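Participant: Return a 3D structure for these sequence lines:
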Amino acid sequence: MSFEKVEHELHRRRMSRNIGLGAVLIGFVALVFLLTIAKVVDEGDAQRAQQELRAEPPKASE
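Facilitator: Numbering: from 1, shown residues only. From the prediction side, this is the model:
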């Protein structure tokens, strides 16, 4: 007696759809992560520039 596991077409389509959905979700998470990193770096640059402006000594008037 040999039992072979026969995969139905419905299972193959569902697996394909799940893999596609997983790829889309991973892409979305990566996009949100990269946008978050870019925003944090950009805000850090802006804060650093403002600190530099505040740190400049006042110019002496003649």
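Participant: quick one: Val29 and Arg17, what's the gap?
Facilitator: Distance of Val29 to Arg17, computed by CB to CB, to the nearest Å: 19 Å. C-betas here are computed from N, CA, C, even on glycine.
Participant: Helices of the protein, start to end?
Facilitator: Remark: helices assigned in the chain by DSSP state H are 9-55.
Participant: Could you point out which residue ranges in it have low pLDDT?
Facilitator: Scanning the chain for pLDDT under 70 picks out the ranges 1-3, 56-62.
Participant: Spell out for me which residue occupies the centre of it.
Facilitator: Taking CA atoms, centre = their mean, the centroid of the chain lies closest to Phe33, which sits 2.5 Å from it.
Participant: residues contacting that residue?
Facilitator: Under the criterion of CB atoms under 8 Å, 6 or more residues apart in numbering, Phe33 has no neighbours.
Participant: now it: how far from Ala23?
Facilitator: Taking CB to CB, one finds Phe33 at 16 Å from Ala23.
Participant: what do you get for Ala46?
Facilitator: From Ala46 across to Ala23, the span is 35 Å (CB to CB).
Participant: What is the burial count for Val6?
Facilitator: Under the neighbour criterion other CB atoms under 10 Å, Val6 is assigned a count of 6.
Participant: Begin at 43 from now on, thanks
Facilitator: Happy to do that; since the first residue is 43 now, the last one works out to Val48.
Participant: Need the phi and psi values for it.
Facilitator: Per-residue torsions, Val48: phi -100, psi 120 (degrees, to the nearest 10).
Participant: what's the distance between it and Arg55?
Facilitator: Counting by CB to CB - Val48 and Arg55 are separated by 15 Å.
Participant: same check, this time on Leu63
Facilitator: When distance is defined by CB to CB, Leu63 is 12 Å away from Arg55.
Participant: got the contact list for Gln93?
Facilitator: Gln93 sits next to no residue when contact means CB under 8 Å, 6+ apart.
Participant: just Val71 next, same as before
Facilitator: For Val71, no contacting residues are found, by CB under 8 Å, 6+ apart.
Participant: Next one: Lys47 from Asp87, what distance?
Facilitator: Lys47 sits at a distance of 57 Å from Asp87 (criterion: CB to CB).
Participant: what's the answer for Gly64, then?
Facilitator: Counting by CB to CB, the gap from Gly64 to Asp87 is 35 Å.
Participant: I am finished for the moment; much appreciated.
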